[in-house]
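Student: Sequence first, predicted coordinates after that:
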Amino acid sequence: MKQPSLKSIICFGTLLLALNIRTNAATYYVSNSGDDSFNGLSELKAWKSIEHINKQSFSPGDSVLFRRGDIWRNSQLRVPSSGTESEPVVFSAYSTGSRPEIRGSLKASNWEKVSGNIWVSATQISVDPWSLGYDGPEIFFENSEGSVSWGIHQSYTANHSSLTKEFHWTWSANKIYIYSPSDPNTRYNSVEVPQLALGIMLLNKNYITIDGLAIKYYGDAGICDEYQTIVLNGLRVTRCEIAYIGKKDGSSAYGLSVHHSNSYYAYNEIHNCGRRGISLTLYTTTPITQSNVIIEHNHFHHGWHTTSLDCSTIGGHTIENIYFRNNRVDGDPSVELNGVNPNSNHIFCDNQSGGTGTIRNLYFYNNIFTWAHASSIKIGDIGNVYIYHNTFYNFNPTLANWQAHCFLSATPSQIEVKNNIFYNNATDNRWADIEIQNGYQHLFDIQNNLYFHLNSATRVFWVDQGTSYSAANWNSYVGNTGYDTKSPAPADPLFIEAPANFGLGTGSPAIGKAVPITLVKTDFYGNPMNNPPDIGAIQFGSKPSAVRNPGRQTTFNNPFTVYPNPAKNSLSVAFTGDLSSTCSLSVYNMLGMRVYEEEILPGSREINLSLGGFAPGVYVIVYLNEGKHFTQKFLVE
């Protein structure tokens with residue numbers, strides 16, 4: 001393969017990660033207790049409404065900060081101004097507590113019994129949610145223990161006979177009716193009724209940063225570009241939660257629907273989006289090119305059509321240079337599919353332009369995919385796809401149709417599949433590790449992968465409408481196809497504690513069996529690759545709470561302390577000596593996902609870390625200074 005310039009990738013990533021230095025910029029504050037008659041330039045003079053923000057004009061480098069812990073319901077942020085490459089317009093958070101939430105919903109409350117288990121809210125709901133946007137969203141039930149359940153829409157009948165199960169709902173004459181086994185005033189923390197289709201509308205603005213916000217309960221999209229595509233640059237979405245969009249398998253229900261080039265999406269949690277987690281789709285307008293997109297360190301889960309990235313063209317557009325790396329994409333083995341809930345590919349990329357458009361240079365590496373609800377990576381009619389150092393783990397056990405961890409169809413220019421672990425729980429031949437389209441076998445380069453099947457009679461490799469090979473037929477597969485000639489024979493990768501920890505245990509057959517890839521310098525945790533490298537997303541000995549060589553770490557005293565521990569709203573990190581050089585501090589959760597990262601400048605003595613958006617649990621701080629790693633655990637209550 002022709003590798004992209006490593007220097008250009010590093011420079012691009014460094015630019016996106018660099019701190020924004022603004023000398024003449026204004027910072028505006030917004031809180032539920034503010035007043036739109038204020039100037040917004042201090043916490044004491046904060047604005048109140050998002051509608052007021054929409055009427056402003058901002059200069060490059062300006063920031064608009066929402067107070068943590070506050071909620072803006074039935075609100076839509078319409079970005080009024082562009083930034084520049086060096087000075088983006090920033091929408092972020094201040095104070096302590098949970099992420100500020102921008103919601104497209106109203107809270108239905110003051111429930112009264114109609115009859116039996118049928119209840120009606122006294123809240124005036126002027127818009128029927130089912131009429132919103134392209135497809136109409138469900139309503140959402142925030143349960144008392146903290147989970148959220150999707151509503152299940154039913155047609156209205158005068159006697160409410162259609163409402164027969166919990167979470168059934170309907171709308172009539174500005175009222176929401178639900179079925180609830182007990183009083184919904186106490187059974188649920190909230191019932192959220194979407195009233196808007198779109199959350200944050202970018203309105204063709206360039207160089208925008210959205211950081212540390214929660215965007216929930218919209219009909220069509222949480223963050224979106226205009227449908228009519230034009231050339232845009234410089235969108236950055238980081239540390240956000242984007243969730244509960246649309247309806248399951250809806251025709252338009254996206255976490256992000258965007259087409260900015262030179263964009264960066266990182267450290268987000270994106271889940272429960274009815275169609276796509278991140279949609280990079282160019283529709284039928286004047287052809288443009290979307291390029292240089294980095295998607296990294298995100299956690300995608302509970303998808304209902306495409307869980308994470310969905311990339312497609314409709315028209316003569318070009319999409320190129322997409323880097324999907326160091327993400328975790330989870331299915332849920334407890335979710336019943338087979339007609340009860342829709343299937344969902346973890347990733348779906350397809351050129352749907354009938355040959356007039358182009359998608360090329362897609363890089364998928366250092367990702368973890370679990371419990372696929374369809375295929376993990378499904379590719380069609382795309383040139384130059386590179387799938388390196390991923391860990392694929394199991395399928396949802398109720399998945400009924402034919403799928404593969406890597407389903408690679410249509411007419412690719414080149415596809416490389418190297419250094420991946422495929423762990424397969426199939427009980428019959430419906431779920432393969434790799435499936436390719438017949439007639440294009442010469443375009444695939446498949447090597448240095450490790451396969452493991454709980455049932456060795458199930459498929460490792462399948463040529464669509466052609467020959468397939470099981471793990472038990474390994475020698476025939478290698479001899480007849482020429483693929484995986486440098487791969488170890490199928491064997492248990494000996495994960496440390498899957499699915500919580502996909503690190504390699506001592507004696508794993510994946511150790512030292514990968515081929516070096518110039519593009520891939522570090523693993524899922526950001527630690528350097530072993531020499532020789534190991535197969536899979538995580539190198540042997542690599543983990544967020546230790547360095548590659550744990551013995552070396554013990555020769556240094558820990559140069560920082562954290563307090564309070566346990567912590568609730570914020571955590572202080574105090575350094576025991578003066579810092580003479582720039583260092584970095586990262587925070588990982590127990591799934592190994594990096595959830596926070598900060599550069600610490602020389603001379604710093606203490607920093608304060610807001611825990612808004614951190615779920616309760618154990619976290620690990622990893623501190624890197626002059627090549628030395630130090631770690632410390634802390635608990636968020």
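Tutor: Great, that's in hand.
Student: show me where this structure has helices.
Tutor: Ranges of helices in the chain, per DSSP state H, are 6-17, 50-54, 184-187, 474-481, 550-553.
Student: what about the fourth one, average pLDDT?
Tutor: Averaged over helix 474-481, pLDDT sits at 96.
Student: what separates it from the chain centre, distance-wise?
Tutor: Computed by CA atoms, centre = their mean, to the nearest Å, the chain-centroid distance of helix 474-481 equals 37 Å.
Student: other SSEs contacting that helix?
Tutor: Helices and strands touching helix 474-481, by 3 or more CB pairs under 8 Å, 6 or more residues apart in numbering; DSSP states H and E, are strand 459-463, strand 468-470. For every residue, glycine as well, the C-beta is placed using N, CA and C.
Student: and the last one, how far from the chain's centre?
Tutor: In terms of CA atoms, centre = their mean, the centre of strand 468-470 is found 33 Å from the chain centre.
Student: Show me what it pairs with in its sheet, parallel or antiparallel.
Tutor: strand 459-463 (antiparallel) (DSSP bridges).
Student: quick check: angle from the partner strand to helix 474-481?
Tutor: Per axes from the mean of the first three to the mean of the last three CA atoms, to 10 degrees, the angle that strand 459-463 makes with helix 474-481 is 20 degrees.
Student: Can I get strand 459-463 in PDB, CA atoms only?
Tutor: Extracted C-alpha coordinates of strand 459-463, given in PDB (Å, rounded to 0.1, in the frame of the first residue of the first chain):
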ATOM      1  CA  ARG A 459     -16.500 -19.900   9.200                       C
ATOM      2  CA  VAL A 460     -13.300 -17.900   9.400                       C
ATOM      3  CA  PHE A 461     -13.400 -16.800   5.700                       C
ATOM      4  CA  TRP A 462     -16.200 -16.700   3.200                       C
ATOM      5  CA  VAL A 463     -16.200 -15.700  -0.500                       C
END
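Student: Other residues contacting that strand?
Tutor: Strand 459-463 is contacted by residues 404, 422, 424, 426, 429, 431-438, 441, 451, 453, 468-471, 474, 477, 481, 483, 490 when judged by CB atoms under 8 Å, 6 or more residues apart in numbering.
Student: hmm, back to that, flag whichever of the helices of the chain has the least confidence on average.
Tutor: helix 550-553 (a mean of 27).
Student: hmm, which of the contacts of strand 459-463 are the buried ones?
Tutor: Taking 16 or more other CB atoms under 10 Å as the criterion, what is buried in these is 404, 422, 424, 426, 431-437, 451, 453, 468-471, 474, 477, 481, 483, 490.
Student: In contact with Thr209, which residues?
Tutor: Thr209 makes contacts with 20, 83, 88-92, 236-238, as judged by CB under 8 Å, 6+ apart.
Student: Can I get the buried ones among those residues as something I can paste into PyMOL?
Tutor: In PyMOL syntax, the buried subset of the contacts of Thr209 is picked out as below (16+ other CB under 10 Å):
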select buried, resi 83+88+89+90+91+92+236+237+238
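Student: Rebuild the contacts of Thr209 as JSON lines, extending it with distance to Ser375 and pLDDT.
Tutor: Shown next, in JSON lines, are the contacts of Thr209 (distance: CB to CB, whole Å; pLDDT from 0 to 100):
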{"residue": "Asn20", "distance to Ser375": "38", "pLDDT": "41"}
{"residue": "Gly83", "distance to Ser375": "38", "pLDDT": "97"}
{"residue": "Pro88", "distance to Ser375": "36", "pLDDT": "96"}
{"residue": "Val89", "distance to Ser375": "38", "pLDDT": "97"}
{"residue": "Val90", "distance to Ser375": "37", "pLDDT": "96"}
{"residue": "Phe91", "distance to Ser375": "35", "pLDDT": "97"}
{"residue": "Ser92", "distance to Ser375": "36", "pLDDT": "96"}
{"residue": "Arg236", "distance to Ser375": "29", "pLDDT": "97"}
{"residue": "Val237", "distance to Ser375": "26", "pLDDT": "97"}
{"residue": "Thr238", "distance to Ser375": "28", "pLDDT": "95"}
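Student: Now flag whichever of the contacts of Thr209 is closest to Arg275.
Tutor: Taking CB to CB as the measure, Arg275 lies nearest Val237 of the contacts of Thr209, at 17.9 Å.
Student: and the closest one, how far is that from Val293?
Tutor: Separation of Val237 from Val293 (CB to CB, to the nearest Å) stands at 11 Å.
Student: before we move on, what about Cys240?
Tutor: 16 Å.
Student: Between these two, which is the more surrounded one?
Tutor: More crowded of Cys240 and Val293, by other CB atoms under 10 Å: Cys240, with 30 against 25.
Student: Can you name the residues that contact the more buried one?
Tutor: Contacts of Cys240 by CB under 8 Å, 6+ apart are 99, 210-215, 268-269.
Student: Dump the helices and strands packed on helix 474-481 into JSON lines; add mean pLDDT and distance to Thr186 as well.
Tutor: Shown next, in JSON lines, are these (pLDDT from 0 to 100; distance: least, CB to CB, whole Å):
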{"stretch": "strand 459-463", "mean pLDDT": "93", "distance to Thr186": "51"}
{"stretch": "strand 468-470", "mean pLDDT": "94", "distance to Thr186": "54"}
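Student: Could you give the bridge partners of Gly221?
Tutor: Quick fix: residue 221 reads Ala, not Gly. Going by DSSP bridges, Ala221 forms beta bridges with Leu198, Tyr254.
Student: Run a quick check on Ser31 versus Leu65, I expect a contact.
Tutor: No. The criterion here is CB atoms under 8 Å, and Ser31 misses it with Leu65 at 9.2 Å.
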